[in-house]
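Trainee: Sequence and predicted structure, then a few things I'm wondering about:
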Amino acid sequence: MKYGYIRVSSKSQEQNTSLQSQREAVKTAGAEIIVEEIYTGGTVKDRPEFVKLISLLKEGDELIVVKLDRFARTVSEGSILAKQLYDSGITLNILNMGKIENSGIGALLLNVMLCFAQYEKDMINERCREGRIIARQNPKYRDGRPKKFHREQINLALSLLDEGKSYRTVSEMTGISKSTMIRAKKKITSDTEL
């Protein structure tokens, strides 16, 4: 059986053509079953759909991925995974490289390409880190996502709680979740204790 594995790294990529183009590529290569995943961070082992797929593969099956970084992003992860597949008699087909044979030259080619993939990932991380350092020099820069509610909205919610209204009622009135109100209340309490 030929299995295709496709993935994107974020919900926003799911909406563009990346997932669709991967789907078409593995289908054209003969994938009979296609497993899709939206994956945001972590290691190869953190991809639940991929892990399930690997556990389904049997001797004689073929795993098809569009590019090497869909399979693995580090040398160690890729080497371990490839060995696991080879030992089980499973063919690895990386479309932009071709079928990777279970041989010395196949292992060499895979490891060299994994080194490039890991280098590329490391360079992206380094550029992001440098960008954050530069951005933090701007006094208006703030890490993390923007606050959903203004201070006045939080204060209103807290004053409603002080009047004796329940978290549920205040949440329905303001749209502010109970956990946000609890965090705001704790922050005020800790600030006044100082």
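Mentor: That came in fine, so what should we check first?

Trainee: Per-residue pLDDT of Glu49, please?
Mentor: Per-residue pLDDT puts Glu49 at 90.

Trainee: what's near enough to touch it?
Mentor: For Glu49, the contacting residues are Tyr5, Arg7, Val35, Glu36, Glu37, by C-beta atoms under 8 Å, 6 or more residues apart in numbering. For glycine as for every other residue, the C-beta is placed from the backbone atoms N, C-alpha and C.

Trainee: Repeat that for Asp61.
Mentor: Asp61 makes contact with Met1, Lys2, Tyr3, Ile90, Thr91 under the criterion C-beta under 8 Å, 6+ apart.

Trainee: so who does the fourth one touch?
Mentor: Going back to what we said before, that points to Ile90. Contacts for Ile90 (C-beta under 8 Å, 6+ apart) come out as Leu57, Lys58, Glu59, Gly60, Asp61, Glu62, Leu63.

Trainee: Helices of the protein, residue ranges please.
Mentor: 11-15, 18-28, 48-56, 68-71, 75-87, 104-136, 151-162, 167-174, 178-193 (DSSP state H).

Trainee: Of all these, which one comes closest to Arg142?
Mentor: helix 104-136 (9.3 Å; C-beta to C-beta).

Trainee: from the middle of its chain, how far away would the closest one be?
Mentor: 16 Å (C-alpha atoms, centre = their mean, to the nearest Å).

Trainee: now for it, which elements pack on it?
Mentor: helix 68-71, helix 75-87, strand 98-100 (3 or more C-beta pairs under 8 Å, 6 or more residues apart in numbering; DSSP states H and E).

Trainee: List the buried residues in that helix.
Mentor: Residues of helix 104-136 classed as buried: Gly106, Ala107, Leu109, Leu110, Met113, Leu114, Ala117, Gln118 (neighbour count, 16 or more other C-beta atoms under 10 Å).

Trainee: Is it correct that the second one is in contact with Ala82?
Mentor: Yes - here Ala107 lies in contact with Ala82, judged by C-beta atoms under 8 Å, at a distance of 7.3 Å.

Trainee: ok, the contacts of Ile90 vs Ile134, which is closest?
Mentor: Ranked by distance to Ile134 (C-beta to C-beta), those are led by Leu63 at 40.7 Å.

Trainee: what about the closest one, how many residues close to it?
Mentor: Leu63 has 24 neighbours, counted by other C-beta atoms under 10 Å.

Trainee: Isn't it up against Gln84?
Mentor: No - the criterion here is C-beta under 8 Å, and Leu63 misses it with Gln84 at 10.8 Å.
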